[in-house]
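Enquirer: From the sequence below, what's the structure:
(2 chains)
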Amino acid sequence: MNFENDCRFKRKLTKRGNCNTLSHQGLQDKQAEQNSVKDSYTTHNESVFQNPHHQQEENLTGLPIVTFKWHHVETPYLVIIWVFVAGLAKLSVVELNHHVISVVPESGLLIILGFILGGIVWGADRAQTFKLLPPTFFYYLLPQIILDASYFMPNKLFFSNLGAILIYAIFGTCWNAATVGLSLWGCYEAGVMGNLDIGLLQFLLFGSLIAAVDPVAVIAVFEEVHVNEVLFILVFGESLLNDGVTVVLYNVFDAFVALGGPRIDAAEIFKGIFSFVVVAFGGSFLGIGFAILLSLLTRCTKHIQIIEAGFVFVVGYLAYLTAEMLSLSAILSITFCGICCQKYVNANMDEKSVTTVRHAMKLLANGSETMIFLFLGVTAIDTEIWVWNTGFILLTLLFVFIYRIIGTFLFTWMLNKFRLVPIEVIDQVVMSYGGLRGAVAYGLAALLDEDKIPEKNLMISTTLIVVYFTVILQGITMKPLVQWLKVKRAAHSDLKLIEKLNNRAFDHILAAVEDICGRIGDNWWTRGWNRFEENYISWLLMKPKARKNRDYLFSIFHKLNLEDAINYVSEGERQGSLAFSRSDEAANVDFKKQFGSEFADVMPNIMVDMSNYELGIEHFSVTSIVKDTIPSVSLDIHGQDRKNAMDDINAHHLLQQHLYRSRKHQHRHKYSRSHFSINQNEDEVQEIFQRTMRSRLESFKSTKMGVNPAKKITKHHKKELTHKMPNGHPDGTGHLYGDEEVEGLCVFLPHLIEAGIENPVFLPDMDSPTHSPPWLMETEAVAPSQRAQRRLPWTPNRLRRLAPMRISTCSTDSFLMADVSLTLEEHEEHSQTDHVEM
Amino acid sequence: MGSFQSLPDDHQYRTLSLKTGFSLEQIAILHNRFKQLSQNEETLRRDDLKTIQDLESNPIRYQIIEAFFDRRNFQKDGVGSVEEIGFEEFLTVMSYFRAPAHHITEEQREEIRRAKLRFLFNMHDTDNDGTITLEEYRHVVEELLSRSGALGRETAKGIADAAMLEVASISVGPMAPDEFYEGITFEHFLKILKGIEIETRMHIRFLNMDTAVFCKQHSV
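Expert: Got it, this is the predicted structure:
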């Protein structure tokens, strides 16, 4: 692996042990001392490098063609090599052994891999050259993880459990810090740990840094065990917020330690508590402020779509750094920035930018998570930091574990008195067991000032052991535990729309019943907030256009539709676009035939008229589509297809006209830095619609020529149909969709199958296969089964969702009326412009 | 004004408490509210409920109010709706939203679940034919979405259709093309909502103390 080469290199470069690449990154170090140390190392290094380089140049007489300029690129080069190595590590962890990964969580594996890498480095250098330094961690690795977590936070769930989360995050963390610190101090006083230079305040400081559950570790482990959503949000929300709390707590105790024991009086303690509140809430409000800024900003980025996605990251990071600058809680700041802005930003930005943000966010977060775990492992392989004190380390492990459990049960017990849905005992067990410590604790430990805390190294090594213990051991056992306890898992369901509709109905029903029984309850507050949000906040932060479409149900609907459309297109292409377009025509035909068979019993006279009329068309029809109408007298399922086979040329022609033209257009790329989109109006969804629409409209147009007698009839039918449907007409066919048949688009294909008698006269006299091609066979199961349709997304049935949405009322209506009214052209234009607008 | 109007009739309350599972205090509070809504009449009419101010913004208020006057919800095998309800009926409807007791057997839980779902189902099934037809469902969805003005009826229809399609695919599975899905039967309804913890979801907190009523007096 090049990693080893890299190490060799590294050894040459940095002879001195303690220096590390990550500190070369020019990170602003918080502490001045460290800064100066770093500087001295850097300069030292540079002088080391300068020498060979100079010598080289001196030796050369004349113009060098290429020179080796390692020191020019050293820092970025090493950084990028490590990023590369981390990427490879992730790859190998995920790919190499699926069996292992099902047992050991990824985070644990990465740490173990880090041990190995660290071992290699140590073997080469006899010292740990690379370490995870707090500034690197806090400024470059952590923010994107927190931003990612908060940006994708399920808001409703989060806020509906906010009370519990805050209790756990604030009081739970304080409880952990206090009890662990005090118990350790008690044991120390009892003489269990031997001789250590450590006081009560230091113990409390240590307790506060080890108290927080780490979001990185928790997400990594809990993502793999799919627990139910309430449990997940409790653990996850807690870990996110208590990071902020623990940092604040840490700072307070750090200040106390700096102040020294004797000088702390009641006033100082009060100030400490006060600063805790200010720092935590100040950070949160700052984050909300930045969220507002970001939302406002995305309101007006319409013309710089290509960079609008960047604002999310920049402003998020700015929120983090600003809070850090003001010594407010940076983690809380970026958390609330992400949570608050997501809704408005997603609504304001272009759909593509939203996707960009989503992917970039995941990329960054996942990347830094990998780096963090890897370096947690690498860091351990260093003789310098390891100080062993059996009593201290084991007792810490024990206390951390025990007090987490006690704390969880204690606070849950209190919460359950007020909670609508009590948290079950099993969930509590998982919650307490999910108290994983991680890189934040290590980062804070590494930040400790050695002058003030002589036992810094002991604390670091203890922290590392706690981290390894929780992440690896608890991580491994988490899954079996969850299975063994039969914890309620997240329900996987395909129900999407119906579920959301029901939820919406629930909300309203509950609110209404609360109103009726006349009390101000939870639902009242929720609704009051929703109304306020709708009327004022959205008005301020959302584009007017986005406001219109932002109904949650609609967006779900929209998403499902897009999915359908894309499946439709890709499936059509998979089956060969020709077949695809043909089935389309066939569907068209059936629309008419449907009327025939449907009303044969109702209005025999009219039927005669119609079939006459259809036969009439036969005579002057020229297009394939009109020809296709013939089989209205056909009962044979397969007739359609054979007919189509004959019409291949025509279909082909159609295809060329409708399909390829837009394709070509689409592929006419031009390089532009600021406009990425090829042609926004002609993405897949659009294309499929234009294609189907146009062909259909054409078919209507052509039938229209000879249609006049049929006009009234169809109208009449429509009425018939709508009258019949609500009563649940039992003998009808395809009635699920009621009168939709009339609305075009929807139910064509099912009827294809029950088509009428085949009139051999109209059969093409070719030996076409008597069985349908597979793609047509499948349609027989056209069943509105969700799953089946996933597989068969191109059946026109599937389009039903699309119909009202994408093409909007205009084009649907244009169908409806195509055979009724004479305003077809107008409508067609309408639907066209409609598409373009979209 | 009947026995309720006088001092809290202990006996009366006790019977109601046994019937509906509310505590005596809760019944007293709800009774106060009832009187407040009905303007001290013994019975409550639709118009009384319609005057509640906060309800005005509720898109499906008519369905909800209707549920209070639906015989199915307070009588076994009751059909049709009534013009006015007494306190007992009011309480019975309210009890659908009561939290289940903490220690109940699995069967009891299931029973409560069924009862709650039946209530919901009845709310959708307006013509009481045992199925929620597409038309009925569309109506509900349209009402539900009527508040967000941007979504037209067409969209609501589309959403209802799509949802219905989902229901059909879940409850019936693959259907032959000529099959017709009449609508959601109660069994299907149970199936759809299997994932939702209805016994905890359909639940509001009833106060034990009479405080909130005062806050809401303006609303009548």
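Enquirer: got any ranges where the chain has weak pLDDT?
Expert: All of this refers to chain A. Within chain A, the ranges that satisfy pLDDT under 70 run A:1-60, A:97, A:261, A:420, A:489-496, A:518-524, A:545-553, A:555, A:575-838.
Enquirer: I was thinking of chain B, sorry if that wasn't clear
Expert: Judged by pLDDT under 70, chain B has its weakly predicted residues at B:1-9, B:76-77, B:100-103, B:147-153, B:173-181, B:195-203, B:205-220.
Enquirer: And the strands in it, which stretches?
Expert: Counting by DSSP state E, chain B has strands at residues B:44-45, B:84-85, B:131-132, B:184-185.
Enquirer: how about a markdown table for those strands, with mean neighbour count and distance to chain A added?
Expert: No exception for glycine: its C-beta is placed from N, CA and C like everyone else's. Formatted as a markdown table, these follow (neighbours: other CB atoms under 10 Å in any protein chain shown; distance: least, CB to the nearest CB, whole Å):
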| stretch | mean neighbour count | distance to chain A |
| --- | --- | --- |
| strand B:44-45 | 19 | 10 |
| strand B:84-85 | 20 | 12 |
| strand B:131-132 | 24 | 7 |
| strand B:184-185 | 22 | 9 |
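Enquirer: how about a markdown table for those strands, with distance to residue A:533 added?
Expert: Formatted as a markdown table, the strands of chain B follow (distance: least, CB to CB, whole Å):
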| stretch | distance to residue A:533 |
| --- | --- |
| strand B:44-45 | 33 |
| strand B:84-85 | 35 |
| strand B:131-132 | 32 |
| strand B:184-185 | 33 |
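Enquirer: residues near residue B:187, how many?
Expert: 10 (other CB atoms under 10 Å in any protein chain shown).
Enquirer: next one: residue B:125
Expert: 23.
Enquirer: Assess the claim that it and residue B:135 are in contact.
Expert: No: taking contacts as CB atoms under 8 Å, residue B:125 lies outside contact range of residue B:135: 11.2 Å.
Enquirer: Give the closest residue to residue A:214 in space, chain neighbours not counted.
Expert: residue A:438 (2.7 Å; CB to CB, 6 or more residues apart in numbering or on different chains).
Enquirer: Enumerate every residue touching that neighbour.
Expert: A:214, A:215, A:216, A:217, A:218, A:372, A:376, A:467, A:470, A:471 (CB atoms under 8 Å, 6 or more residues apart in numbering or on different chains).
Enquirer: Inside helices: which ones of those?
Expert: Using DSSP state H, the subset of these located in helices is A:215, A:216, A:217, A:218, A:372, A:376, A:467.
Enquirer: What sits closest to the last one if chain neighbours are left out?
Expert: By that I understand residue A:467. Per CB to CB, 6+ apart, closest to residue A:467 is residue A:437, 5.1 Å.
Enquirer: what number of residues lie near the one you found?
Expert: 27.
Enquirer: Please apply the same query to the one 10 residues further on.
Expert: Residues contacting residue A:447 under the criterion other CB under 10 Å number 21.
Enquirer: Please apply the same query to the one 10 residues further on.
Expert: Here the count is done by other CB under 10 Å, and residue A:457 has 16 residues near it.
Enquirer: Ok, residue A:305 next?
Expert: Residue A:305: 18 surrounding residues under other CB under 10 Å.
Enquirer: Just to be sure, it is in a helix?
Expert: Yes: assessed with DSSP: H, G, I helix; E, B strand; the rest coil, residue A:305 lies in a helix.
Enquirer: Surely it is in contact with residue A:351?
Expert: No: judged on CB under 8 Å, residue A:305 makes no contact with residue A:351 at a distance of 10.2 Å.
Enquirer: thinking again about what came up before, how about the contacts made by the residue nearest to residue A:467?
Expert: Going by CB under 8 Å, 6+ apart, residue A:437 touches A:210, A:212, A:213, A:214, A:217, A:400, A:463, A:466, A:467, A:470, A:471.
Enquirer: separation between the second one and residue B:18?
Expert: To tie it back to what came earlier, the one meant is residue A:212. For residue A:212, the distance to residue B:18 (CB to CB, to the nearest Å) stands at 50 Å.
Enquirer: These two: which has the busier surroundings?
Expert: Between residue A:212 and residue B:18, counted using other CB under 10 Å, residue A:212 has the larger neighbour count: 30 against 9.
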